[in-house]
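1. only geometry, no sequence info:
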């Protein structure tokens, strides 16, 4: 899959670093940190999905999303982790690297975290295809946030 956008540097940057921190937080079960790294739209989407699936009042879901002491918060965050790990197996979240970020504009970017980076690898052969995670990112409230609805920027090939 071609990652849209343009690289602004040949080196990893803050955006990719934040994406890596998010993946590590999910891997390590630090879901409060992972949740805090989601864009507002992503958090709202996840609260709505969780509330609908579990027949929970949306106001309670909202409170759980924004109040660290809410009694429903652990269940909501565990559901989010379970959802992420259904898409990204836990073993894939080890030995992740950080590659240079692809920017669509000043507010939207895609971070690529290649699998299997070990021994402080700093370079890969130019043009080498690599498997990894692609995370859509959004500049929001003076920080790069994981923006799962940002997948709308990916080109989907026509099925003819």
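-> Yes, it's here. Please read these numbers as outputs of a predicted model, since none were measured by experiment.
2. leaving aside the residues adjacent along the chain, what's closest to residue 30?
-> residue 24 (7.9 Å; C-beta to C-beta, 6 or more residues apart in numbering). Just so you know, the C-beta spots here come from the backbone N, C-alpha and C atoms, and that holds for glycine as well.
3. do you have the strands of the protein handy? List them.
-> For the chain, the strands defined by DSSP state E cover 6-7, 102-103, 108-114, 132-140, 143-146.
4. circling back: the residue nearest to residue 30 touches residue 95, doesn't it?
-> No: using C-beta atoms under 8 Å, residue 24 is not in contact with residue 95; the gap is 11.3 Å.
5. which one's more surrounded, the two?
-> residue 24 (16 against 13; other C-beta atoms under 10 Å).
6. tell me the pLDDT at the more buried one?
-> As predicted, residue 24 sits at a pLDDT of 94.
7. which ones are touching it?
-> Counting by C-beta atoms under 8 Å, 6 or more residues apart in numbering, residue 24 touches 30, 93, 96.
8. swap in residue 133?
-> Applying C-beta under 8 Å, 6+ apart, the residues near residue 133 are 19, 23, 88, 92, 96, 112-113, 115.
9. of these - the most surrounded one?
-> residue 19 (29 neighbours).
10. from residue 63, how far off is that residue?
-> Residue 19 sits 28 Å away from residue 63, going by C-beta to C-beta, to the nearest Å.
11. residue 44 versus the residue nearest to residue 30, what's the distance?
-> To residue 44, residue 24 is 24 Å away according to C-beta to C-beta.
12. returning to that earlier point: nearest to residue 80, of the strands of the chain?
-> strand 143-146 (11.4 Å; C-beta to C-beta).
13. and the closest one, what does it pack onto?
-> helix 14-28, helix 40-53, strand 132-140 (3 or more C-beta pairs under 8 Å, 6 or more residues apart in numbering; DSSP states H and E).
14. paired strands for the last one, with orientation please.
-> Strands flanking strand 132-140 in the sheet, each with its direction: strand 108-114 (antiparallel), strand 143-146 (antiparallel) (DSSP bridges).
15. who touches the first one?
-> By that I understand strand 108-114. Outside strand 108-114, the residues that touch it by C-beta under 8 Å, 6+ apart are 3-5, 15-16, 18-20, 23, 96-99, 101-104, 124, 130-139, 144, 147, 150, 153.
16. what about burial for those, which qualify?
-> Among those, those buried by neighbour count (16 or more other C-beta atoms under 10 Å) are 4, 15-16, 18-20, 23, 96-99, 101-103, 132-133, 135-139, 144, 147, 150.
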